[in-house]
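>>> sequence and predicted model, in that order:
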There are 2 protein chains.
Amino acid sequence: MGPVVAVVGGGQLARMMAAPAAALTINLRALVEAGDGAAGQVIPDAPVGAANDAAALNQLVAGADVLTFEHEHVPGELLAALEADGVAVRPGRTALANAQDKVHMRRTLTNAGVPCPQWAQVRSVGELADFGDRAGWPIVLKKPVGGYDGKGVRVINSAAEGGDWLTDGQVALAEEKVDFAAELAVLLARRPSGQITTWAPVQTTQVDGVCSEVVAPAPDLPEDLAAQAVQIAERIAGAIQVTGILAVEMFHTTDGRVLVNELAMRPHNSGHFSIEATTTSQFEQHLRAVLDLPLGAVDQQAPWAVMVNVLGSARTDPTTAYPQVMAAYPEAKVHLYGKEVRPGRKLGHVTLTGTDLGELRRRARAAADLLEGQGP
Amino acid sequence: MGPVVAVVGGGQLARMMAAPAAALTINLRALVEAGDGAAGQVIPDAPVGAANDAAALNQLVAGADVLTFEHEHVPGELLAALEADGVAVRPGRTALANAQDKVHMRRTLTNAGVPCPQWAQVRSVGELADFGDRAGWPIVLKKPVGGYDGKGVRVINSAAEGGDWLTDGQVALAEEKVDFAAELAVLLARRPSGQITTWAPVQTTQVDGVCSEVVAPAPDLPEDLAAQAVQIAERIAGAIQVTGILAVEMFHTTDGRVLVNELAMRPHNSGHFSIEATTTSQFEQHLRAVLDLPLGAVDQQAPWAVMVNVLGSARTDPTTAYPQVMAAYPEAKVHLYGKEVRPGRKLGHVTLTGTDLGELRRRARAAADLLEGQGP
């Protein structure tokens, strides 16, 4: 009974699809890196294999209604082959290409008239110098492929500093360093049939390039800019014909504009708050969207939701903090992903919802601190 | 990482423990009747075995931190043996005995001063006649052991009608047929260390002995009676030293009293609304309670929550109704348990939360009707 959704990836995003899949009797099958990893621990049908292994992908989709992803690391030629075989690949190869290659993404967005920071593809230190002189130093230099959580991104003050990413014919993406009042994310889901539902914009805070806190909805965001942010995300969704969740990371600039920073086409850290805070979570919505089922309501129940990430620290087992954290914060929703602790690694998150934003932020941070072994 | 909770039973209650277990990195191990049943479909560690098989139980608890249950069908002598072996059995054998034997339950409650309908253990048609003449016909006759969802319960108008349940030395429980304004349930969780959290009383509606609808909190229940209902449930919890969820089904009588009808010591149909409607769901709370972890907050977010059960009908696969039900009711939270359809069988439920109780009841019922194949 129920459809079969095949997902590539065995991390926390696949893990968090398991709950709504069980609720809806959607049979989740995950291609995981390790049987005892975050997803393998909780999904019975979890074959072990690599995301770039054609045979593993072919086995994964056998009998499945749809193929989807918790990361962007399936090579485009394998996606093309699966699509040619008639597999429902969602998001599709051409949409996903925009999450796989940041230069391609910038080109697509610019062609679609979406406001972006100034950018250029650079092939040499000379081109980098030209761009920096035009946009103004310092600038942001990104590897087009494979970066995440601050990896593959640097702020540089001169062209010489970026030279090591431009050897051997490598190209890089150079971007204006935007002065922002806040970082935002807009999440939406789109079905193949075109229906879109969009969550209200959220505010994200990064520390050392890693998401630290999300506040939903974004405080201090003027209504007209919120509407503009939603409009931008929906324009992108239509332009690239994405299916499933699209997360659009944006800057709210100090001069009152909204510019697009990054795209992701899967459930996203900035949407974890939706598990408790909105009628339909991003994980349920992603499953509904890729199955082309009608999308759920995304109203937020409480005025505010705050999500804080739990990162790896010296504490080797964060579950040992449960007696302390659950006693002090009985309203906290704790999520741990069953991942081995490494310093700085995303191990879980804590969500609080309510009416007093300052108090929610303070308590969510304090609960996460306890899980990270930083007691009061 | 994380504790191991062993649970006896492979139905929807074990299935619905999987989501909070995954969120908290609690390793759930379920002893299931069939590997492809409701729980086996979604729990990787799900050995197949019978609840009355000592060897299966011993294997189940090997390496587990605690043993708990989604039903009451583990024989008392096996529970006693496990406790003697030092296994943390929660709820414990003596508490659970009150959910296994209704005569024992009535005796315990009466000794604890808990208001019950008039009752008597009867061994013969003569004793049954005496009770009926005293309490007033018709009366309710119950089998002390093994009944559920209206099975093992009859309303009889004369002693002769009950004679077939009193042959061969069988005993039965005879109870006054209570005139009630509403049926209620009070759910609470209790830790071994004594902490208790109690949800607000809910109103339940039974059709043919099977729960059809739950409204939370109970409408039309005077504040003093609500407080009394909570007090009764907490008195029972302390008296029997229950651990985990205790569900107390009650009558709100037409003459303004609260009387206890039944007890269950596990997550209960009347608490399914808590998955979406309260900060901590009954399934998460049960896991926390049996692990002796601090209990979560049980505040209800929206003014009203309505849960309607989806029962088996002529439709052989209720998931085929998703396009229709999700389009018409984007706010509905649909849960299906992956169970084979049989007429009248509990296949799932639908929960809605919001402010307009009449509208919530109408829409929840209509969504369940669609899943049951009864279109508009």
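The structure has been received and is ready for your questions.

>>> let me see the ranges of the strands in the stretch 51-200 of chain A.
Taking DSSP state E, counting those that start in this stretch to define them, one finds strands in the stretch 51-200 of chain A at A:66-69, A:119-122, A:139-142, A:153-156, A:172-176, A:180-190, A:196-198.

>>> what's around A:His272, how many residues?
Using other C-beta atoms under 10 Å in any protein chain shown, A:His272 has 29 other residues around it. From N, CA and C alone the C-beta is placed, and that goes for glycine too.

>>> circling back to that earlier point, make TSV from the strands of the stretch 51-200 of chain A and add mean pLDDT and mean neighbour count to it.
TSV is the format used below for those (pLDDT from 0 to 100; neighbours: other C-beta atoms under 10 Å in any protein chain shown):
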stretch	mean pLDDT	mean neighbour count
strand A:66-69	98	25
strand A:119-122	98	21
strand A:139-142	96	22
strand A:153-156	95	16
strand A:172-176	97	23
strand A:180-190	98	24
strand A:196-198	98	19
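
>>> so for A:Leu287, which of those sits nearest?
Ranking those by proximity to A:Leu287 (C-beta to C-beta) places strand A:66-69 first, at 8.2 Å.

>>> just the CA trace of the closest one, in CSV.
Extracted in CSV, the C-alpha atoms of strand A:66-69 (Å, rounded to 0.1, in the frame of the first residue of the first chain):
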residue,chain,number,x,y,z
VAL,A,66,9.8,8.8,-8.0
LEU,A,67,13.4,9.5,-7.4
THR,A,68,14.4,12.5,-5.2
PHE,A,69,17.5,13.7,-3.3
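
>>> touching it from outside, list them.
A:3, A:5-9, A:57, A:60-61, A:82, A:87-91, A:96, A:244, A:265-266, A:286, A:290-291 (C-beta atoms under 8 Å, 6 or more residues apart in numbering or on different chains).

>>> from the chain's centre, how far out does it sit?
The chain centre lies 16 Å from the centre of strand A:66-69; the measure is C-alpha atoms, centre = their mean, to the nearest Å.

>>> ok, now stretch A:212-220?
15 Å.

>>> show the end-to-end separation of that stretch, please.
18 Å (C-alpha to C-alpha, to the nearest Å).

>>> for the residue nearest the centre of chain A, give me its contacts.
With distances taken as C-alpha atoms, centre = their mean, A:His268 lies nearest the centre of chain A, 2.8 Å away. A:His268 sits next to A:185, A:187, A:245, A:247, A:282 when contact means C-beta under 8 Å, 6+ apart.

>>> I figured the first one was touching A:Thr205, is that so?
Right, the one you point to is A:Ala185. No - counting by C-beta atoms under 8 Å, A:Ala185 stays clear of A:Thr205, with 11.0 Å between them.

>>> hey, what's in contact with both of these two?
A:Val214.

>>> which residues are in contact with the residue nearest to A:Ala237 when sequence neighbours are not counted?
Spatial nearest neighbour of A:Ala237, chain neighbours left out: A:Arg190 (4.7 Å); criterion: C-beta to C-beta, 6 or more residues apart in numbering or on different chains. Contact partners of A:Arg190, counting by C-beta under 8 Å, 6+ apart, are A:196, A:237-238, A:241-244, A:246, A:289.

>>> over to A:Glu372?
Per C-beta under 8 Å, 6+ apart, neighbours of A:Glu372: A:310-313, A:315, A:318.

>>> many thanks, we can stop here.
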